[in-house]
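Q: Okay, structure incoming, though there's no sequence with it:
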């Protein structure tokens, strides 16, 4: 774009003034010269704020390349490629520095020449691939010593960080490229090969250290970044919402154009009833367009519809008498020119049980037919309002959160700079560019970085920490809504079936809260359940090869939905299933699947293997040893005071839930039948009972005393297979960690390594060593096991074809993960841990895969096979 500098918003030096900051070349192309030496840059930085920013960016470019950023390690991605250097071709490695969190998807658009990516961690990581703070030190530039031929007065070079919105259509196509940042490096020449601390056989993509954004009406269309509005009630904020809605209507085929008229809910609020007031109306089958509100009720006194107040609400009420959140919702609805608004506490008669149950059952249609849902995400109650107060332009951007960092963005603070340009064809029209300090991963011109959140760092929900997201009921309100505007504490977010966008320009690649995504994942074929059969290789005993994102139902599907839902709070405990019934009903109607107290018939085995996860589990793998460490507390596990669901359902407990993927091609159990008893009129709501008949290998679980340091999370236990497989050691995770574990308990295996831990529903007094009952200590009754069946068949071969059923009903108390017994010489005394012999072979290039313990694809470390005899048991 041909432009010329206009009067600069802030004073800059002559070097900075001449640079077209919006047209810098990519990092792996030739750099743009800045100051001729570091010394000159330091001198200029005393009076030029922009030079100060460039200086810090160039120093960080070197410092971070040493394997540490913001006090922790990060991931590196290695790709081999045949590099064309003039007339010659040579093999080089692209080394791309990523964030502290493991990317959820592939990072780059590959043009076919890029080798397979290999990821390596430079520090300690948690179980989900996030680096944790460590105490390693990295030398700074002042402590650096360089050779005489490599003076400290190296020139400074600038480059652009160009990401891609979509895959390039052809070689040389640049229409997809978007400028997200600017980087600086020290180097002998403008070539990336000469960058400071770079090997000649590598190209290190170190990323950009200066973020860039522009205004909504700017001519710099290649810059997606925007300044967020401090006031979400401003005209600019309102225009952004209108723009998002228009874009969704015209350009999102998955969303479809909203209907001009749809069936109205039983009652709605007429926001144009009068200039100063609104009124509640009974729709009686009318059609029209309406907006819904999702909000926290709070504990303070609030206005609501009751048998006594319903007629007064129909007569009309002044807007000024309404809670602030309702006033703001009315203001937004009026701005959009829409006549009707639906608010739950005003449109459902709260003290009428029949009306409440009838309207709660219709909730799925209320939100699905809404034109837009207003999410008062930052509000704690009805009186806080939809528009949060933001006093300072300081917040952690979505990109930084995805990378695993907490450094705030200050786009207008002392470490920022604004430039103003005039377009040559539109003199007088100002186009502003804002620069600020923020690190983002680099991008190659030939295979650019994808723009979506999750492609360069972790997936996350930007609304997860908002007050509204702590409430269980609001999850289905969000999921069912075709379009939703979130007024969050940091900025506005627009969400639809096709995308989730932040006000500052970030796009979230995967939509976790879309009905389309949920329904698609509910229709996956059998072989796409559990661990991926095409996953890589795991050399860590007990760790699956499938990685952190094993299947589609963990990525915006039902399992991720339940994990999110389990972190939320309910005022009324018995509503655990009711508050999700609208989503369950919608999914059942679309898929024709059966619903069993939170689990689905076509996915039952996958839904069944959940565990309580009250605290993050970190694995410190320094010095080839695995040390389990507890991280952030996620919640507290409790049993509800009243019966709510059978023990095999996650709904039976309160607390964070995590689903563990099974080896689906190697399942060793099968479901015989499942039944639940509804507690009310809604078949997707509360239940008063349920039974699961399942058949699989069962072994008695005993406590295990490790001979060496226990290197896993969970309680050490063991099972004796009583054959050449020996004793298998496992980690037991209790459903309620604070409850004491009592033996005997039993492992019902679902796949070769993963088992439900059971005990009988009815307990009996424990017998002491003399065989005397202790009435104060109750333990599980004995359950028929695979070992018992083997003995019976050995004694009576005619029983081989019999089906064996346990007598007593059992309940679930946890899950266990077991591994095959290591082959060892029992006569040889235990030795201290030492470096494995295979390491020496690896150092000399003699190591082959068959000499290393490993699993690949959906392979399992477990000891159980499909040949293990099964026992039929009933879990309640």
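A: Here it is on my side, so go on. Remember, predicted model here, so these are calculated numbers, not experimental data.

Q: and residue 236, that's in a helix?
A: Yes: counting by DSSP: H, G, I helix; E, B strand; the rest coil, residue 236 is found in a helix.

Q: excluding its backbone neighbours, what's nearest it?
A: residue 229 (5.5 Å; Cβ to Cβ, 6 or more residues apart in numbering). (Glycine included, C-beta is placed from N, CA and C.)

Q: Correct me if wrong: that neighbour contacts residue 238.
A: No: look at residue 229 against residue 238 with Cβ atoms under 8 Å: they stay out of range, at 9.6 Å.

Q: So which of those two has more stuff around it?
A: Neighbours were tallied for residue 229 and for residue 238 using other Cβ atoms under 10 Å; the higher tally belongs to residue 229 (20 against 16).

Q: can you tell me which residues contact residue 686?
A: 574, 575, 576, 577, 578, 644, 678, 679, 680 (Cβ atoms under 8 Å, 6 or more residues apart in numbering).

Q: Please read the previous query as pertaining to residue 24.
A: 32, 158, 159, 160, 179, 182.

Q: So which bits of stretch 449-464 are buried?
A: Neighbour counts using 16 or more other Cβ atoms under 10 Å place 449-463 of stretch 449-464 among the buried residues.

Q: And stretch 397-406, by the same measure?
A: Buried residues in stretch 397-406 (16+ other Cβ under 10 Å): 397, 398, 399, 400, 401, 402, 403, 404, 405.

Q: Strands - which of the contacts of residue 686 land there?
A: With DSSP state E as the criterion, strands contain residue 678 from among these.

Q: now, which of the contacts of residue 686 sits nearest residue 27?
A: Closest approach to residue 27 among those (Cβ to Cβ): residue 576, at 50.6 Å.

Q: Now the closest residue to that closest one other than its chain neighbours: phi and psi?
A: Excluding its sequence neighbours, the residue lying closest to residue 576 (Cβ to Cβ, 6+ apart) is residue 651, at 4.9 Å. When quoted as degrees, to the nearest 10, the phi and psi of residue 651 stand at phi -70, psi -10.

Q: Residue 651 reaches residue 596, doesn't it?
A: No: the pair residue 651 / residue 596 is not scored as a contact, 10.3 Å apart, by Cβ under 8 Å.

Q: Tell me where the stretch 701-850 of the chain has strands.
A: 715-720, 727-734, 745-749, 754-760, 763-767, 773-780, 810-819 (DSSP state E, counting those that start in this stretch).

Q: same question, the stretch 451-600 of the chain
A: Going by DSSP E, counting those that start in this stretch, the stretch 451-600 of the chain shows strands at 483-487, 492-496, 500-502, 507-508, 537-538, 595-596, 599-600.

Q: Would you mind checking which of those strands scores lowest on average pLDDT?
A: Mean pLDDT is lowest for strand 537-538 among the strands of the stretch 451-600 of the chain, at a mean of 62.

Q: What residues of stretch 799-816 count as buried?
A: 804, 806, 808, 810, 811, 812, 813, 814, 815, 816.

Q: now those in TSV, with distance to residue 18?
A: Below are the buried residues of stretch 799-816 laid out as TSV (distance: Cβ to Cβ, whole Å):
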residue	distance to residue 18
804	85
806	82
808	84
810	77
811	75
812	70
813	71
814	67
815	64
816	67
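
Q: Closest to residue 277 out of the residues you listed?
A: Taking these together and measuring to residue 277 by Cβ to Cβ, the closest member is residue 812, at 54.9 Å.

Q: What is the longest strand along the chain packed up against?
A: In the chain, taking DSSP E as the definition, the longest strand is strand 426-440. Contacts defined by 3 or more Cβ pairs under 8 Å, 6 or more residues apart in numbering; DSSP states H and E place strand 426-440 against helix 49-64, strand 177-186, strand 208-214, helix 398-403, strand 416-423.

Q: Please convert these to CSV, extending it with mean pLDDT and distance to residue 272.
A: CSV is the format used below for the helices and strands packed on strand 426-440 (pLDDT from 0 to 100; distance: least, Cβ to Cβ, whole Å):
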stretch, mean pLDDT, distance to residue 272
helix 49-64, 93, 50
strand 177-186, 95, 41
strand 208-214, 96, 37
helix 398-403, 94, 36
strand 416-423, 88, 41
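
Q: To residue 661, which of those lies closest?
A: It's helix 398-403; of the helices and strands packed on strand 426-440, that one is closest to residue 661 (Cβ to Cβ) at 23.1 Å.

Q: contacts for the closest one?
A: Contacts of helix 398-403 with the rest of the structure, by Cβ under 8 Å, 6+ apart, involve 98-101, 406-407, 409, 438-441, 453-454, 456-460, 462, 502, 504, 506, 508.

Q: Residue 321: what's its closest spatial neighbour, skipping adjacent residues?
A: residue 303 (7.8 Å).

Q: Residue 495 now?
A: In space, residue 495 is closest to residue 484, 4.8 Å off (Cβ to Cβ, 6+ apart).

Q: Which stretch among the strands of the stretch 451-600 of the chain approaches residue 706 most closely?
A: strand 537-538 (21.7 Å).

Q: Which residues are in contact with residue 339?
A: 270, 271, 272, 288, 289, 290.

Q: on that earlier part again, and the strands of the stretch 701-850 of the chain: which comes nearest residue 869?
A: So among those, strand 745-749 is nearest, using Cβ to Cβ, at 11.5 Å.

Q: Residues contacting the closest one, please?
A: 668-669, 694, 696-701, 719, 730, 755-759, 780, 783, 785, 810, 813, 816, 818, 862, 864, 868, 873.

Q: I'd guessed residue 506 sits against residue 397; true?
A: Yes: the pair formed by residue 506 and residue 397 meets the contact definition of Cβ under 8 Å, at 7.0 Å.

Q: Sketch out the strands for the stretch 251-400 of the chain, chain order is fine.
A: Using DSSP E, counting those that start in this stretch, strands in the stretch 251-400 of the chain cover 262-263, 267-270, 277-282, 287-288, 290-294, 317-318, 340-342, 372-375.

Q: now those strands in TSV, with mean pLDDT, distance to residue 566 and mean neighbour count?
A: Below are the strands of the stretch 251-400 of the chain laid out as TSV (pLDDT from 0 to 100; distance: least, Cβ to Cβ, whole Å; neighbours: other Cβ atoms under 10 Å):
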stretch	mean pLDDT	distance to residue 566	mean neighbour count
strand 262-263	92	33	14
strand 267-270	96	32	22
strand 277-282	94	35	18
strand 287-288	95	37	14
strand 290-294	97	19	26
strand 317-318	94	38	16
strand 340-342	97	28	24
strand 372-375	97	21	26
